[in-house]
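> What follows is a predicted structure for the sequence shown.
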Amino acid sequence: MIRKTRLFTPGPTPLLPAAQFAMAAADIHHRTPEFRALYTRVLAQLKEFVGTVNDVIILSSGGTGAMEASVSNLTSPGDRVLVLTAGKFGERWTSLTKAFGCQADVVEKPYGQTFTLDEVKAALKPETRAVFVQATESSTGVRHDIKGIAELLKAEKSEALLIVDAITGLGTTHLDMDGWGVDVFIGGSQKAVMIPPGLSYLAISARAWDRMESTHNPRYYFDLRKERKNAAKGESAYTPSVALIAALGASLDYIAGQGGGNLVEGRKKLVDNAETCAAMTRSAATAMGLKLFAPVGYEAAAATAILPPDGTDSGVIVKGLKSQFAAIVTDGQGEMKGHLFRIAHIGFFDYMDTIAIIGALEQVAIAAKLPLPGFAFGNGLIAAQKTFAELTATK
Ligand SMILES: *Cc1c(COP(=O)(O)O)cnc(C)c1O
């Protein structure tokens, strides 16, 4: 058999062909009317994609650059902040806030879990200036309760800004920045928007823009106020990733197209799509006798984290999928390596892709003689088919 290489990873995700063509054609200078028209349009579309009236800033960086920008622009040395972490990306908030001299109170839960609102409340102090958290922790496939945390901060009359790494939350989860009162949502290009790594973006509330007037951590390349001033004129402060911005425009057009020309509707479809692919995958894994890592009700739709059978290294499954089918899935990150594997649903994945990876997983289970008592070909696929039919019957 020939094997087509396919990514099933939660970033980088598979590329949208229309975005690749737009990149290849983006031979324009960034101080021209052509670029200003493109940039202005993409910034306006991004607001609709995030679902906010707040200004959105694009940075030429990976997602971590936007995480750093949120810390350097919104905190001062000595600020007391609260970090909520239960995985590799949560730990990044701890390191970043410490690197910028913040006094970080940390609520840390084991990988695969999430925090209760009581735990968040107990750790919140009157002097807490900001709360940092992920919408979905990509390393464990767990979704955190952003709405609950936002409501808690309001109920406590906290002055803390709520800063959310939604890099794999955007486009996979229904998020309501303005309705819930979230101050910063951060996104990245190589996730739900189906283009290569290299751009990050931040939606920033009026309250957070005000905070920036008084904070004094050092910042230069990632100066959000400077970017906002330039963006108002259709430009970026420095040479931007022109090709990626053209790709982003094409991708947002595609998402709008999925919603009959309406980007908000298109985003909802994209979220429902990820939710459906994730539910199919969970049903299939469970029917095969595999266990899921995330607690019930907190499974992220960005990626499903699946535990290998007891005594089996997850690397056997990751390697089997690659060598037999050229399907690239990710092993656990950090301390979870060998203990789980993750199948992504964020961005450009559909029913066909999901059925294919489940079929491949069944082949690998048999070929690698995984100890799955009672498992036979088709168990996972039948469950996935039923889940798909149930979830899409009325849509
Ligand atoms: C991918 C990802 C990041 C990091 O993005 P980089 O582009 O690798 O810097 C941060 N947080 C989450 C939740 C992610 O999934």
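Noted; the coordinates are in hand.

> ok, and the closest non-adjacent residue to the closest residue to the ligand within the stretch 201-350 of the chain?
Residue nearest to the ligand within the stretch 201-350 of the chain: A302 (7.3 Å; CB to the nearest ligand atom). Where C-beta positions appear, they are placed from N, C-alpha and C, glycine not excepted. In space, and not counting its chain neighbours, A302 is closest to T168: 3.8 Å by CB to CB, 6 or more residues apart in numbering.

> Now do the same contact list for the one you found.
Going by CB atoms under 8 Å, 6 or more residues apart in numbering, T168 touches 10-11, 135-136, 138, 191-192, 300, 302-303, 346.

> Of the residues you listed, which belong to strands?
Residues of those located in strands (DSSP state E): 136, 303.

> Let's have the contacts of T168 in JSON lines, adding neighbour count.
Putting these into JSON lines (neighbours: other CB atoms under 10 Å) gives the following:
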{"residue": "P10", "neighbour count": "29"}
{"residue": "G11", "neighbour count": "22"}
{"residue": "A135", "neighbour count": "25"}
{"residue": "T136", "neighbour count": "30"}
{"residue": "S138", "neighbour count": "29"}
{"residue": "K191", "neighbour count": "26"}
{"residue": "A192", "neighbour count": "31"}
{"residue": "A300", "neighbour count": "29"}
{"residue": "A302", "neighbour count": "30"}
{"residue": "A303", "neighbour count": "33"}
{"residue": "I346", "neighbour count": "33"}
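
> In TSV: the contacts of T168, plus pLDDT.
Shown next, in TSV, are the contacts of T168 (pLDDT from 0 to 100):
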residue	pLDDT
P10	97
G11	96
A135	98
T136	98
S138	97
K191	98
A192	98
A300	98
A302	98
A303	98
I346	98
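
> how about the residue nearest to A302, phi and psi?
phi -110, psi 10 (degrees, to the nearest 10).

> any idea how far it lies from H345?
Separation of T168 from H345 (CB to CB, to the nearest Å) stands at 10 Å.

> Strands of the stretch 201-350 of the chain, start to end?
For the stretch 201-350 of the chain, strands defined by DSSP state E, counting those that start in this stretch occupy the ranges 291-292, 303-307, 327-328, 330-331, 341-344.

> just these: most buried one?
The highest mean neighbour count among these, using mean count of other CB atoms under 10 Å, belongs to strand 341-344: a mean of 28.

> so what strands line up beside that one?
Strand 341-344 has its sheet partners listed here by DSSP bridges as strand 303-307 (antiparallel), strand 330-331 (antiparallel).

> so how far is the helix or strand following that strand from its chain's centroid?
Note on strand 341-344: by DSSP states H and E, the next helix or strand toward the C-terminus is helix 351-367. Between the centre of helix 351-367 and the centre of its chain there are 24 Å (CA atoms, centre = their mean, to the nearest Å).

> So which residues make contact with helix 351-367?
6, 8, 14, 276-277, 280-281, 284-285, 288, 317, 320-321, 324-325, 327, 329, 343, 345, 370, 372, 375, 377-381, 384-385, 388.

> For the residue nearest the centre of the chain, give its distance to the ligand.
The residue lying closest to the centre of the chain (CA atoms, centre = their mean) is T168, at 0.7 Å. Using CB to the nearest ligand atom, to the nearest Å, T168 is found at 4 Å from the ligand.

> Which secondary structure state does the closest residue in space to D310 that isn't next to it in sequence sit in?
With sequence-adjacent residues excluded and distances taken as CB to CB, 6+ apart, D310 is closest to P371, at 7.5 Å. Three-state call for P371 (DSSP: H, G, I helix; E, B strand; the rest coil): coil.

> doesn't T312 make contact with P371?
Yes: P371 lies in contact with T312 (CB atoms under 8 Å); the separation is 6.9 Å.

> okay, these two: which has more neighbours?
Shown here are P371 and T312; by other CB atoms under 10 Å, T312 has more neighbours (16 against 13).

> Local confidence estimate at the closest residue in space to the more buried one that isn't next to it in sequence?
The shortest distance from T312 to any residue other than its chain neighbours is 6.0 Å, reached at L370 (CB to CB, 6+ apart). Here, the pLDDT recorded for L370 equals 98.

> Tally up the residues packed near L370, please.
20.

> Same question for P110.
9.

> Is it located within a helix, as I assumed?
No: read with three-state DSSP, P110 is coil and lies in no helix.

> Okay, and the beta partners of the closest residue to I58 other than its chain neighbours?
Leaving out its chain neighbours, the residue that sits closest to I58 by CB to CB, 6+ apart is Y201, at 4.9 Å. Beta bridges link Y201 to I58, G187, judged by DSSP bridges.

> quick one on the thing from earlier: next up, phi/psi of the residue nearest to T312, please.
Taking degrees, to the nearest 10, you get phi -60, psi 140 for the backbone angles of L370.
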